[in-house]
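Visitor: Prediction below, plus the sequence it came from.
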Amino acid sequence: NSSPKLGEVPKAEGYVNSQLSTLNSYEANIIAGEATANSVDSVREKLIDEVVISVFRAPHSFTGENTVEISCHGSVYIQQEILRLLIAAGARMAGPGEFTQRAFLNGRLDLSQAEAVADLINAQSAAAHTIALNQMRGNFSSKLEELRRQLLHFVSLLELELDFGDHDDLEFADRTELNAVAEAIRSQLSRLQQTFSQGNAIKNGIPVAIVGETNAGKSTLLNLLVGDNRAIVSDIHGTTRDVIEDTVNINGLTFRFIDTAGIRQTSDIIENMGIERTYEMIERAQIILWVVDSTNVTEHIEWLAERIMRRTEGKRLIILLNKVDRLNDEELITLRQWFEPYCPSEKSVKSDERLFSEAKNSESLNPDGKKSFQSVSSVGKNSNPDGDCRPLTVDCRQNTIIEISAKQSINTEQLTRLLYESAQMPDLSSGDIIISNLRHYEALTHALESIDRVIDGLQMNIPADFVAQDIRQALFHLAEITGGEITTDEVLGNIFAHFCIGK
């Protein structure tokens, strides 16, 4: 087949349908797309596979260079043999990310787009895929370019004033107008920066800490949510002494569940270290699942509540009344009343009555027929000198209570639906810009700091050269994201392109 002309966009078709055998000059020509039918027939010493070879001419390939792609069958042996033949002919294995790096160096992608390629490959959810795809398509880069143009225009006006500083009556940059522009730029930078918390959660998984007393059913819940025996389940107290993590995809969002050590008073040094890590996980998590053993609510619950609740400020707390399949209706009512101060009644999620009734009637769930539930009237009296057993005062606006049985999978669908709603993630479209890269977040933060100094400088009427320097700093930090750089020639080019000096 004829090769495409230079500069012509190649079609995704095979220019040679070749048979690879022991490598020699003929096969090198075949790989290059220049073999004839006779030359193919002459190298049948060791047939490996029938492949399709596609030639992509610069600058229309992914890397911007002349590229050849070999499409073979999916056998690992075939792939290894083809690679062996190519290396024997003088080729070498590409380094990590080398093709994307070449695309960046050849101007096919900027740095943020190149980073998005890795994010796209590693995306574990629909939301993470959308963020990476939007960034790779240049949505973020286009927004930065727009801000960059505004800043360049901004600094160009100030540079003009410095160039014509001998004329006191000339003011190219109206301070009121510049301040309005700076405020608008600051608002856009701040909005981008604030998306990082959402983007980071989507990219790495929304952290959900599973906390509570020992033997409350935390490990059983983790195993249920991830669909695997990820954590050891035992009746022995203090079995879990370190954090155990696993991820689950719920409706296109990745949740990172963290099973923690049970919180209790103990003299065991190692177990106390695990409890301290539990507190750390509560503060790092976005959603906290407080698992309560409904059959054993004692005065210790007050002590536990105080340690959990004060670490949940600004987070979503879901109280899970576990093992409710072992309670009768009267005990359930008492339990709800005690936990009601922690959660508004309209946010309580009741169990599926049919499943709940079936579970209670199953003798196999509780063979000995014993219940260790303690009446609410006795809860907390020993822990409060005043005899007031009401829970401590807390902000309940982000709290929800739900009755479950992790062992019997009761109310698990309601729980997963509640988790998805608690994530409070916006529906992403093809035009949304969400920051998920820490490097980008840091660069935006530094650019925002520079713009704040610009605004302060304009309000205090400091000299234009100091304001211009802060603008240049903002331009530098934005250029860090895309991999570009700002030069004096670029600023001067912008001036002469927009102003007719000396006409």
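Guide: It's in.
Visitor: Look at residue 392 and report its pLDDT.
Guide: For residue 392, the model assigns a pLDDT of 45.
Visitor: Over to residue 477?
Guide: 93.
Visitor: again with residue 211
Guide: Looking at residue 211, its pLDDT is 87.
Visitor: how about it, what does it touch?
Guide: Going by Cβ atoms under 8 Å, 6 or more residues apart in numbering, residue 211 touches 218, 260, 263, 278, 281-282, 288-291, 308. In short, each C-beta sits where N, CA and C put it, glycine included.
Visitor: Could you list which of the residues you listed belong to helices?
Guide: Under the assignment DSSP state H, the contacts of residue 211 contribute 218, 278, 281-282, 308 to helices.
Visitor: ok, and the most crowded of those?
Guide: residue 218 (31 neighbours; other Cβ atoms under 10 Å).
Visitor: what does stretch 186-200 rub up against?
Guide: Applying Cβ under 8 Å, 6+ apart, the contact partners of stretch 186-200 are 131, 143, 147, 425-426, 433-438, 440-441, 444-445, 447-448, 451-452, 455.
Visitor: Filter the residues you listed down to the buried ones.
Guide: 131, 147, 425, 433-437, 440-441, 444, 447-448, 451-452, 455 (16 or more other Cβ atoms under 10 Å).
Visitor: Okay, and which of these map to helices?
Guide: 131, 147, 440-441, 444, 447-448, 451-452, 455.
Visitor: And these, which is closest to residue 405?
Guide: residue 131 (36.3 Å; Cβ to Cβ).
Visitor: How about the contacts made by the closest one?
Guide: 119, 123, 199, 202-203, 428, 432, 434, 436.
Visitor: As a markdown table, those residues with distance to residue 245 and pLDDT would be great.
Guide: Putting these into a markdown table (distance: Cβ to Cβ, whole Å; pLDDT from 0 to 100) gives the following:
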| residue | distance to residue 245 | pLDDT |
| --- | --- | --- |
| 119 | 20 | 87 |
| 123 | 19 | 87 |
| 199 | 20 | 90 |
| 202 | 17 | 87 |
| 203 | 16 | 86 |
| 428 | 25 | 69 |
| 432 | 28 | 81 |
| 434 | 23 | 91 |
| 436 | 19 | 91 |
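Visitor: nearest to residue 296, of these?
Guide: residue 202 (37.7 Å).
Visitor: Correct me if wrong, but the closest one is in a helix.
Guide: Yes: assessed with DSSP: H, G, I helix; E, B strand; the rest coil, residue 202 lies in a helix.
Visitor: Residue 124 is in contact with that one, correct?
Guide: No: using Cβ atoms under 8 Å as the test, residue 202 is too far from residue 124 to be in contact (9.6 Å).
Visitor: Give the helix, strand or coil label for residue 207.
Guide: strand.
Visitor: in the strand or helix carrying residue 180, what's buried?
Guide: Using DSSP states H and E, residue 180 sits in helix 175-194. Buried residues in helix 175-194, counting neighbours by 16+ other Cβ under 10 Å, are found at 178, 181-182, 185-186, 188-189, 192-193.
Visitor: and if you look at stretch 139-152?
Guide: Applying 16+ other Cβ under 10 Å to stretch 139-152 flags 139-141, 144, 147-148, 151-152 as buried.
Visitor: Among these, which lie within helices?
Guide: 139-141, 144, 147-148, 151-152.
Visitor: Reformat these as a markdown table; add distance to residue 408.
Guide: Below are those laid out as a markdown table (distance: Cβ to Cβ, whole Å):
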| residue | distance to residue 408 |
| --- | --- |
| 139 | 46 |
| 140 | 47 |
| 141 | 51 |
| 144 | 52 |
| 147 | 55 |
| 148 | 58 |
| 151 | 60 |
| 152 | 64 |
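Visitor: so how far is residue 112 from residue 102?
Guide: Distance of residue 102 to residue 112, given as Cβ to Cβ, to the nearest Å: 17 Å.
Visitor: So these two - more neighbours on which side?
Guide: Shown here are residue 102 and residue 112; by other Cβ under 10 Å, residue 112 has more neighbours (24 against 19).
Visitor: No more questions from me, cheers.
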